[in-house]
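J.: Mind folding the following:
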Amino acid sequence: MSAYHHYTEDQLVAFLKMGDHAAFTEIYNRFWERLCDAAYQRLHSREDAEEVVQAVFVSLYVKREDLNLKTTLEAYLKAALKYKVIDAYRSQQLYYRHLDRLIADHQLLLPTPDKHIEIKELESQVLLVTHKLPYKCREVFIMSRFEQLSHQEIAERTGISISTIKKHIHKALSILRSNLSNTYLNILLVNAIVFKIYSAL
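T.: Next up is the predicted model:
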């Protein structure tokens with residue numbers, strides 16, 4: 001048990017604002033599990049929940065010097081979590097809507113009478129693969145492909161470096177390619193995704 005265990009939230013925040021790593025660690029340990037549980041209730045994915053909570057703590061540390069809490073630290077963290085979850089859900093829904101449009105655009109190109117069945121199967125495959133992407137990787141991929149944001153805009157929004165953004169996009173594309181079966185429509189879909197990503201950079 002750390003020496004900071006008995007400190008109040010206000011005391012921990014005061015130490016954190018001075019750059020005290022031990023205070024940050026105590027805050028992290030004190031609130032991590034309950035925030036993860038709250039995020040899981042909304043996202044239904046432990047991995048996504050943990051990545052969203054991690055983003056909350058990263059933001060807390062980056063903004064530590066400017067913290068001016070109007071309420072308790074726990075309330076502040078839960079509010080921050082709420083907005084991160086909303087962003088995650090919004091990104092998921094944006095991706096799903098765009099995927100529907102992309103598949104619809106290519107329906108006439110599929111030379112088989114069973115095209116509707118294959119399209120539905122493909123849609124399920126893509127959604128499953130995308131859902132398994134690490135949260136930050138999926139977030140960057142969606143911003144780049146479906147929100148048409150530049151690397152610089154993504155960096156400003158997420159607080160991560162441009163080189164890391166490029167790695168996330170490359171990883172997402174590699175995972176999509178390796179997990180989708182080699183059908184005619186799949187090739188069209190993946191090629192369309194790749195082309196639109198790089199044409200937007």
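J.: Number of residues surrounding Gln41?
T.: Counted by other C-beta atoms under 10 Å, the residues lying close to Gln41 total 10. All C-beta atoms are positioned from the backbone trio N, CA, C, and that covers glycine.
J.: Repeat that for the one 10 residues further on.
T.: Residues contacting Glu51 under the criterion other C-beta under 10 Å number 20.
J.: Okay, and it sits in which element?
T.: Here Glu51, judged by DSSP states H and E, is contained in helix 46-62.
J.: For that helix, give the mean pLDDT please.
T.: Taken as a whole, helix 46-62 has an average pLDDT of 85.
J.: Show me what that helix is packed against.
T.: The helices and strands touching helix 46-62, judged by 3 or more C-beta pairs under 8 Å, 6 or more residues apart in numbering; DSSP states H and E, are helix 21-43, helix 73-105, helix 135-145.
J.: For stretch 147-155, buried residues please.
T.: Neighbour-count burial for stretch 147-155, counted by 16 or more other C-beta atoms under 10 Å, picks out 147, 149, 151, 154-155.
J.: pLDDT on that stretch, on average?
T.: Stretch 147-155 carries an average pLDDT of 83.
J.: and what of stretch 17-33?
T.: Here stretch 17-33 scores 91 as its mean pLDDT.
J.: What residue spans form the domains of the chain?
T.: Split into domains by automatic domain parsing, the chain comes to 9-84, 106-199.
J.: for those, which one sits closest to Ala3?
T.: With C-beta to C-beta as the measure, domain 9-84 is the member of the domains of the chain nearest Ala3 (7.7 Å).
J.: got the end-to-end distance for the closest one?
T.: One end of domain 9-84 sits 22 Å from the other (C-alpha to C-alpha, to the nearest Å).
J.: circling back to that earlier point, with distance to Arg90 added, can I get the domains of the chain in JSON lines?
T.: Formatted as JSON lines, those follow (distance: least, C-beta to C-beta, whole Å):
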{"stretch": "domain 9-84", "distance to Arg90": "10"}
{"stretch": "domain 106-199", "distance to Arg90": "9"}
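J.: Mind checking which of the buried residues of stretch 147-155 land in helices?
T.: Among the buried residues of stretch 147-155, the residues falling in helices (DSSP state H) are 151, 154-155.
J.: What residues does the nearest residue to Leu43 once chain neighbours are set aside make contact with?
T.: Of all residues not flanking Leu43 in the chain, Ala49 sits nearest, at 5.3 Å (C-beta to C-beta, 6 or more residues apart in numbering). Contact analysis of Ala49 by C-beta atoms under 8 Å, 6 or more residues apart in numbering lists 36-37, 39-40, 43.
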